[in-house]
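Enquirer: pasting the structure only:
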């Protein structure tokens with residue numbers, strides 16, 4: 001049984017506070033590798049908009065330094081083979097952004113779950 005249910009993840013995708021927290025989590029994880037980026041708060045209007053921004057960042061990082069990009073994915077807890085399979089299946093990088101965003105959202109929801117239990 002999963003700690004966070006899929007319906008909770010889908011609901012969180014529509015919540016702007018969770019989207020902002022997810023972007024902050026992603027920034028924190030990426031900064032550990034010396035990469036800094038900003039997503040303008042006006043771009044946090046929907047999950048799809050944030051996903052588009054993340055996809056652009058992924059494409060840029062993958063072009064600049066694939067090794068560092070895969071290292072970032074590892075620290076976010078996304079396996080390299082999973083990404084390579086995704087790239088091999090459809091030759092699109094857009095699925096990588098989805099993996100990252102969902103993993104970071106799951107971290108946010110997990111932290112909230114445990115914080116609520118401590119109250």
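Expert: That came through, no problem. Predicted model only: the values in this text are computed from it and were never measured. Numbering: from 1, shown residues only.
Enquirer: how about the helices in the protein?
Expert: For the chain, the helices defined by DSSP state H cover 6-12, 16-31, 47-64, 66-76, 80-90, 94-118.
Enquirer: low-confidence ranges, the chain, go.
Expert: 1, 89-93 (pLDDT under 70).
Enquirer: circling back to that earlier point, could you export the helices of the chain as TSV, including distance to residue 38 and mean neighbour count?
Expert: Bear in mind the C-beta positions are built from the backbone N, C-alpha and C, glycine included. Converted to TSV, these look like this (distance: least, CB to CB, whole Å; neighbours: other CB atoms under 10 Å):
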stretch	distance to residue 38	mean neighbour count
helix 6-12	22	13
helix 16-31	8	18
helix 47-64	10	17
helix 66-76	17	15
helix 80-90	24	12
helix 94-118	16	16
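Enquirer: make TSV from these and add distance to residue 39 to it.
Expert: Formatted as TSV, the helices of the chain follow (distance: least, CB to CB, whole Å):
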stretch	distance to residue 39
helix 6-12	17
helix 16-31	5
helix 47-64	5
helix 66-76	16
helix 80-90	21
helix 94-118	11
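Enquirer: of all these, which lies closest to residue 41?
Expert: Proximity to residue 41 (CB to CB) singles out helix 16-31 among the helices of the chain, at 7.3 Å.
Enquirer: helices or strands up against the closest one?
Expert: Applying 3 or more CB pairs under 8 Å, 6 or more residues apart in numbering; DSSP states H and E, one finds that helix 16-31 contacts helix 47-64, helix 66-76, helix 94-118.
Enquirer: compare those helices and give me the one nearest residue 12.
Expert: So among the helices and strands packed on helix 16-31, helix 94-118 is nearest, using CB to CB, at 5.8 Å.
Enquirer: middle-most residue in this structure, spatially?
Expert: residue 101 (2.3 Å; CA atoms, centre = their mean).
Enquirer: so it makes contact with residue 51?
Expert: Yes. Applying CB atoms under 8 Å, one finds residue 101 in contact with residue 51, separated by 5.7 Å.
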